[in-house]
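Visitor: Any chance you could fold what I've pasted below:
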Amino acid sequence: MSSPTLADVASLADVSENTVSRVIRDKGYIAPATRKRVNEAIRKLGYVPNRAAGSLASSSSAIIGVILPSMSNIVFPEVLRGIHAGLAGTHYQPMIGVTDYDLKKEESLISSLLAWKPAAIITTGCEHTAAARRMLKNSTVRVGELMDIDHRPIDLAVGLSHLEAGRSAARHLIGRGYAKIGYVGHDWNADKRAHARYLGLVEGLRQAGLVLSEENRTNGPSSTLAGKAALAELLSRAKTIDAVVFSNDDMAVGGYMHCMAAEIAVPETLALFGFNGLEIGQTLPKPLSTILSNRFAIGKTAVELLLANSERNKKPQIVDTGFSILEGSTA
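Guide: As a prediction, this is how the structure comes out:
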C-alpha cells in the first residue's frame, strides 16, 4: 500500500495542492473552514509531509536546529525545556544535536543542520571554529547563541554575563567578611564560561585589594566526585582559607561531601559557594550558597525572539536574562 500524497489530501479536502502546502507550512491566510478540512484530511489519510522536499522549494523549513554541549548536565535540559515552551503552539520542531563540548563536532552539526534550511539555529555560547562561524554568518537563517553575553553575537545572544557573575560572587563573599578565598574548578578548555567566571572572580577580588589564596582545577569535566577530590587536595596545601568558590554546583556539592566526611564545619570553618542554582545543591543539609542562572528563561526567550522575525537583526542583539544570588547556608 502506497503512502498518501499531497494530491490525495488535496482531493479529499477539495482544495488545490498549493492550499494544502500552505496549511502545512502555515504560510499566508487560510480560511478557518478550509484549514479545518485540510487538517481533517491529513489526519484521516495519515499523511506525513516531506519536510526535506518542502525545504528545497521554500526559503526555510519548519526545523529549529538546537545544538547543546551536553544532555547529561542538568543545566542544558532546562534550557531545552525553555525552547520547547517557546515552540508550543507553533508548527516548528526542534532538531537536536549534542557536541560533547567538541567545537569540531559542533561544526559538523551546523553543516548538517544548514542543509535542511532550518528557520533558525540555536547554539550554546559564542565560541565556534572559524569554519562554523563562516557557515553561520554566510547563511540567511536566524542564529541564537545562548548562555553567554560577554561576546559579540552573530545575530542574537541570550543569557548572562559570566564575568559579572564571577565579580558578584567575589562581592558577596567579601561582604560576608571572607578575605582568604580559594577556587576549585574543572577543565576550562571545554567550558569557557567557567573560565570567564573565574576571571570575574579574580577581578572582583582585585577591586577589593585581595587575591585568590589558593586554587585547584581538575583536567576533566565537572562532577561531584571531582569536586570532592579537588577540594581535599586544595585544603592539603592551604590550611588557612575561609571560603572556596567552585566552578559550578556539581563541584560545590562534591566539596560539601568532603567537608562532611572530614568533619569540617560549613560555613563556620569553611564557606562554600557555587554556580547554577541546581536543585541538588538546595537539598543539602545546609542549602548551597550559589548563583542562580535563569536557564529556562534563556531557552524560551531566545526561541520566541528568533521566531518573531524571520530576518536577522541588522545590528547584533544581546538580551541579558540576568542571575540572582541564592544566599543559602554555606557562605
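Visitor: contact partners of stretch 10-20?
Guide: Residues outside stretch 10-20 that contact it (CB atoms under 8 Å, 6 or more residues apart in numbering): Leu6, Ala7, Val9, Ile30, Thr34, Arg37, Val38, Glu40, Ala41, Lys44, Leu45. Where C-beta positions appear, they are placed from N, C-alpha and C, glycine not excepted.
Visitor: Name all residues that make contact with the fourth one.
Guide: Each residue near Ile30 by CB under 8 Å, 6+ apart is listed here: Thr19, Arg22, Val23, Val38.
Visitor: And the first one, how close does it get to Arg25?
Guide: Shown here: Thr19 relative to Arg25, a distance of 11 Å by CB to CB, to the nearest Å.
Visitor: Compare the contacts of stretch 10-20 and tell me which is most surrounded.
Guide: Greatest neighbour count in the contacts of stretch 10-20, by other CB atoms under 10 Å, goes to Val9: 26 neighbours.
Visitor: Please identify the helix or strand for that one.
Guide: Element membership of Val9 [criterion: DSSP states H and E] is helix 6-13.
Visitor: Dump the C-alpha coordinates for stretch 232-241 into CSV.
Guide: C-alpha atoms of stretch 232-241 as CSV (Å, rounded to 0.1, in the frame of the first residue of the first chain):
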residue,chain,number,x,y,z
ALA,A,232,40.6,17.7,49.5
GLU,A,233,43.7,18.4,47.5
LEU,A,234,43.4,22.2,47.8
LEU,A,235,42.9,22.0,51.6
SER,A,236,46.0,19.8,51.9
ARG,A,237,48.0,22.8,50.6
ALA,A,238,46.1,25.7,52.1
LYS,A,239,45.1,25.4,55.7
THR,A,240,44.0,28.9,56.4
ILE,A,241,41.5,29.7,53.7
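Visitor: rewinding a little: how far away from the center of its chain is the helix holding Val9?
Guide: Taking CA atoms, centre = their mean, to the nearest Å, one finds helix 6-13 lying 42 Å from the centre of the chain it belongs to.
Visitor: how many degrees apart are the helix or strand following it and helix 6-13 in direction?
Guide: Next along the chain after helix 6-13, taking DSSP H and E as the criterion, comes helix 17-25. If you take axes from the mean of the first three to the mean of the last three CA atoms, to 10 degrees, helix 17-25 sits at 100 degrees to helix 6-13.
Visitor: What residues of helix 17-25 count as buried?
Guide: Buried residues in helix 17-25, counting neighbours by 16 or more other CB atoms under 10 Å, are found at Thr19, Val20, Ser21, Arg22, Val23, Ile24, Arg25.
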